[in-house]
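[1] need coordinates for the below:
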Amino acid sequence: EQYGFDLKVYDGKFDAGTVQQLVDDIVVDQPDAVVFAPLDSDASVPQVQRMLDAGLPVVTYNVQPREQAAPRVFADDYLGSQIVGCNAGAYFAAKFPDRDAKIGIVDLPQLPQVQDRKNGFLYGFLSQIPDAELVQAVDGGGVIDQANPAATDLIQANPEINVIFGINDDSSLGTVAALKTAGKYDADWGVLSAVDGSAPAMESMKDPASPYKAESGYPPRDFAYAAFNLLIATLNGETDATTQVVVGYP
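    As a prediction, the model looks like this:
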């Protein structure tokens, strides 16, 4: 509304084939500009280039393509997760001073920014509990229906795990369901934490019985404004392929 855009939204459904098909559809549709949230950083490089070759102005958001070919906006995922790790570690050390911290991660390994989240969390947690051990990371796909069975397998295979970090709220909420199924959904089990800051996660944290205790998220309104501000700047010729905007975590 602010810029007078007519907006068409394409849903990639967290599926690589669907995203590729949507890129093909966008090239056929020939919109005036594209705000693109790729699923896979490696696959996004030819996808972005295809749209650029079709004469479409493109900005990317929420993902950092390994080769930058268009202006992009993304979050400081390392710092946001480091904050979570520090808070989760401090909480664990205070509540369970006699326990060894054994960490599991519900991951999405193909995305570099998710690895920033994982590594930021570990850096923050280890700053509080240096002898904490990373036991296993599993691929939860970044969506709840994949994260739930992945977290279930993680918990069953490693009963000693008492700290879990979800790389987004779908990952952590899938873990909540897995903990309930395993009979471990209890504030005395350990600590569950994540990155996103969504309303369902906040609701889950309100439950006094929940082990969900630490969360960090960037503000979605600010992220949306940053993406569309970058888009209008690109349409006005005020950016180039190396332009970057980083959104901070509150």
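
[2] longest helix of the protein, counting residues only.
    Residue-count comparison of every helix in the chain, with assignments taken from DSSP state H, identifies helix 77-95 as the longest.

[3] for it, packing partners?
    Applying 3 or more C-beta pairs under 8 Å, 6 or more residues apart in numbering; DSSP states H and E, one finds that helix 77-95 contacts helix 112-128, strand 163-166, strand 191-195, strand 212-216. No exception for glycine: its C-beta is placed from N, CA and C like everyone else's.

[4] in that helix, what counts as buried?
    Of the residues in helix 77-95, 77-92 count as buried by neighbour count, 16 or more other C-beta atoms under 10 Å.

[5] check stretch 192-204 too.
    Residues 192-198, 201, 204 are the ones in stretch 192-204 that count as buried (16+ other C-beta under 10 Å).

[6] what's in contact with that stretch?
    77, 80-81, 84-85, 87-88, 117, 121, 163-169, 171-173, 175-176, 179, 210-219 (C-beta atoms under 8 Å, 6 or more residues apart in numbering).

[7] quick one, which of these are buried?
    The neighbour-count test (16+ other C-beta under 10 Å) marks 77, 80-81, 84-85, 87-88, 117, 121, 163-169, 171-173, 175-176, 179, 210-218 as buried among the contacts of stretch 192-204.

[8] now the buried residues of stretch 192-204 in TSV, with distance to T18 and pLDDT?
    Below are the buried residues of stretch 192-204 laid out as TSV (distance: C-beta to C-beta, whole Å; pLDDT from 0 to 100):
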residue	distance to T18	pLDDT
L192	30	98
S193	30	97
A194	25	97
V195	24	92
D196	22	88
G197	26	86
S198	22	87
A201	25	92
S204	28	92
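
[9] can I assume Q49 is in contact with V58?
    No. Contact between Q49 and V58 fails when scored by C-beta atoms under 8 Å: they sit 9.2 Å apart.

[10] so between those two, which is more surrounded?
    For Q49 against V58, the residue with the higher neighbour count under other C-beta atoms under 10 Å is V58, and the figures read 23 against 15.

[11] dihedrals phi and psi, the more buried one?
    Its backbone dihedrals place V58 at phi -130, psi 140, with angles given as degrees, to the nearest 10.

[12] could I get the pLDDT score of it?
    The predicted structure scores V58 at 96 on the pLDDT scale.

[13] look up how far A93 lies from it.
    Look at V58 and A93: by C-beta to C-beta, to the nearest Å, they are 46 Å apart.

[14] how many neighbours does the closest residue to A182 other than its chain neighbours have?
    In space, and not counting its chain neighbours, A182 is closest to I155: 5.1 Å by C-beta to C-beta, 6 or more residues apart in numbering. When counting by other C-beta under 10 Å, one arrives at 20 neighbours for I155.

[15] contacts only, for I155.
    Taking C-beta under 8 Å, 6+ apart as the definition, contacts of I155 comprise 104, 161, 178-179, 182, 184.

[16] take those and keep only those in helices.
    Judged by DSSP H, the subset of the contacts of I155 located in helices is 178-179.

[17] and which of the contacts of I155 is nearest D11?
    Lowest distance from D11 to the contacts of I155 (C-beta to C-beta) belongs to A178, with 26.0 Å.

[18] pretty sure the closest one contacts A151?
    Yes. Because the distance of 3.8 Å satisfies C-beta under 8 Å, A178 is recorded as touching A151.

[19] ok, these two, which is more surrounded?
    A side-by-side neighbour count of A178 and A151, using other C-beta under 10 Å, places A151 first with 29 against 24.

[20] so that one is in which element?
    When secondary structure is defined by DSSP states H and E, A151 falls within helix 144-157.

[21] check the gap between the residue lying farthest from the centre of the chain and E67 for me.
    Note on the chain: the largest separation between a C-alpha and the mean C-alpha position, by C-alpha atoms, centre = their mean, falls on D98 (31.8 Å). Note on D98: its distance to E67, by C-beta to C-beta, is 49 Å.
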